[in-house]
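quick check, what structure comes out for this input:
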Amino acid sequence: MSLPMGRAQREIFGETVTELANDDPRIVVLDADLGSSTKGDIFEKAHPERYLQMGIAEQNMLGVAAGIAMMGYIPYISTFVSFAVVRPLDQVRVLIAQTRANVKITGAYAGLFTGQAGKTHQIVDDVSIMRAMPNMVVLSPCDDTEAREVLRWSAAYDGPVYIRLMRDATQRLFEDGHAFRFGEAVTVREGRDVTLVSTGAQTSRVVEAADLLAADGIDAHVVHVPTIKPFPAAAIVEAAAKTGRVITIEEHSVIGGLGGAVAETLSELRPTRVQRIGLYDIFTESGTNADLLELYGLSAPKVAAQVGALLREG
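Prediction:
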């Protein structure tokens, strides 16, 4: 099954937050001089009085966001993951997470797809960092449809939320009308031989990999996890029980990311063999999206080949 291409999640961010602000005067956007890249400039055109241009001063931006959240506003952060999570980490931890400030950290340019900006902009441990942060909700939508629903949900949630967004258009897994359910996993393919668990845009590639595996006689059960924290433990236990074998696949470090969350859950609740496909303790290289997926084994054919090899090993 070849999935159609959807729209870029960054465009959905600009449009959806703008639509939300049309009905809610509390919503503001704080930008770190990257609005044309994150599409925060869509909000700027519609609501210039609520678009706060903070310049290249991300630590200050996150501090200001915490402050205006305490005044009753709902701030959304418009910048890259590298500048929303890593550079201002102390502000995120002390001013937002510890105080449970109602700040929405919408990190664009997540994972490998950073427009060939180089390894300084490629952050593949953000989920590890944010899921370890007390009080922080961590969400990773797979396509434009789910990104829109996640953003709408976040506006109604009172507390800090981290949303991992992709730069470029990704394959569309869900049709219009798909309902995001906070804290739940989504079974996107039924199978009996092995359970494949993924998150974010990688899930669509895993679905295509499952079709390739089916051609080799391997029937994969595929689960998508949009809510990484709080983790949908019951759903993962149920999915593991279907096949007795779990392989996680993520466009992220395998240390502390989705694979870590699955392994932690199953080791405590249903001991199951878990193997992880992802980025192994490395700083990634710069390149085109297709080249990077091939290099790190995350394209659909490479995922299918790795899953098949793991199953043959026993």
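
lowest-pLDDT helix or strand in this structure?
Counting by mean pLDDT, DSSP states H and E, the weakest-scoring helix or strand in the chain turns out to be strand 169-171, with a mean of 90.

adjacent strands (with direction) for the helix or strand following it?
Using DSSP states H and E, the helix or strand that follows strand 169-171 in sequence is strand 186-189. Strand pairing for strand 186-189, using DSSP bridges, gives strand 220-224 (antiparallel).

may I have the strands that pair with the next helix or strand after the partner strand, each with its orientation?
Next helix or strand after strand 220-224 toward the C-terminus (DSSP H and E): strand 227-229. When sheet partners are counted by DSSP bridges, strand 227-229 sits next to strand 137-139 (antiparallel).

rewinding a little: the least confident helix or strand of the chain: which residues count as buried?
Buried residues in strand 169-171, counting neighbours by 16 or more other C-beta atoms under 10 Å, are found at Ala169, Thr170, Gln171. All C-beta spots, glycine's among them, are computed from the backbone N, C-alpha and C.

now the first one, nearest residue through space, not along the chain?
With sequence-adjacent residues excluded and distances taken as C-beta to C-beta, 6 or more residues apart in numbering, Ala169 is closest to Ala8, at 4.7 Å.

distance of that neighbour from Trp153?
20 Å (C-beta to C-beta, to the nearest Å).

follow-up on the earlier one: what is the least confident helix or strand of the chain packed up against?
Counting contacts by 3 or more C-beta pairs under 8 Å, 6 or more residues apart in numbering; DSSP states H and E, strand 169-171 packs against strand 5-8, helix 202-215.

got a list of contacts for the first one?
Applying C-beta atoms under 8 Å, 6 or more residues apart in numbering, the contact partners of strand 5-8 are Lys39, Asp143, Asp144, Thr145, Met166, Arg167, Asp168, Ala169, Thr170, Gln171, Arg172.

could you point out which element follows that strand?
Tracing the chain C-terminally past strand 5-8 and defining elements by DSSP H and E, one meets helix 9-23 next.

the helix or strand just after that next one - contacts with which helices or strands?
Toward the C-terminal end, the helix or strand that comes next after helix 9-23 (DSSP H and E) is strand 27-31. When contacts are defined as 3+ C-beta pairs under 8 Å, 6+ apart, strand 27-31 sits against helix 9-23, helix 41-46, strand 51-53, helix 58-70, strand 74-80.

tell me the strands beside the last one, with direction?
Going back to what we said before, that points to strand 74-80. Applying DSSP bridges to the sheet, strand 74-80 is found paired with strand 27-31 (parallel), strand 104-108 (parallel).

quick one: contacts of it?
Applying C-beta under 8 Å, 6+ apart, the contact partners of strand 74-80 are 13, 17, 24, 26-32, 34-35, 37-38, 40, 43, 58, 61-62, 64-65, 68-69, 84, 102-109, 114, 121, 123, 155.

whichever of these end up buried, select them in PyMOL.
Burial among those is assessed by 16+ other C-beta under 10 Å; the matching PyMOL selection reads:
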select buried, resi 13+17+26+27+28+29+30+31+32+34+35+37+38+40+43+58+61+62+64+65+68+69+84+102+103+104+105+106+107+108+109+114+121+123+155
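
returning to that earlier point: the helices and strands packed on strand 27-31: which one's closest to Thr203?
Thr203 lies closest to helix 9-23 among those, at 13.2 Å (C-beta to C-beta).

if we can go back for a sec, Throw the helices and strands packed on strand 169-171 into TSV and include mean neighbour count, distance to Leu52 and mean pLDDT, thanks.
Compiled in TSV, the helices and strands packed on strand 169-171 are given as follows (neighbours: other C-beta atoms under 10 Å; distance: least, C-beta to C-beta, whole Å; pLDDT from 0 to 100):
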stretch	mean neighbour count	distance to Leu52	mean pLDDT
strand 5-8	18	23	92
helix 202-215	22	33	97
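
centre of the chain to stretch 277-297, how far?
On the basis of C-alpha atoms, centre = their mean, to the nearest Å, stretch 277-297 sits 17 Å off its chain's mean C-alpha point.

ends of that stretch, how far apart?
Using C-alpha to C-alpha, to the nearest Å, the span of stretch 277-297 from its first residue to its last is 8 Å.

okay, buried residues for it please.
Ile277, Gly278, Leu279, Thr284, Ser286, Asn289, Leu292, Leu293, Tyr296, Gly297.

sort those residues by pLDDT and name the bottom one.
Across those, the bottom pLDDT score, 89, is held by Ser286.

for the closest residue in space to that one that isn't next to it in sequence, give its distance to Ala32.
Spatially, and ignoring its direct neighbours in sequence, Ser286 is nearest to Gly118 (4.6 Å; C-beta to C-beta, 6+ apart). Per C-beta to C-beta, Gly118 is found 18 Å from Ala32.

picking up where we left off before, nearest to Asp219, out of the strands paired with strand 74-80?
Nearest of these (C-beta to C-beta): strand 104-108, 35.5 Å.
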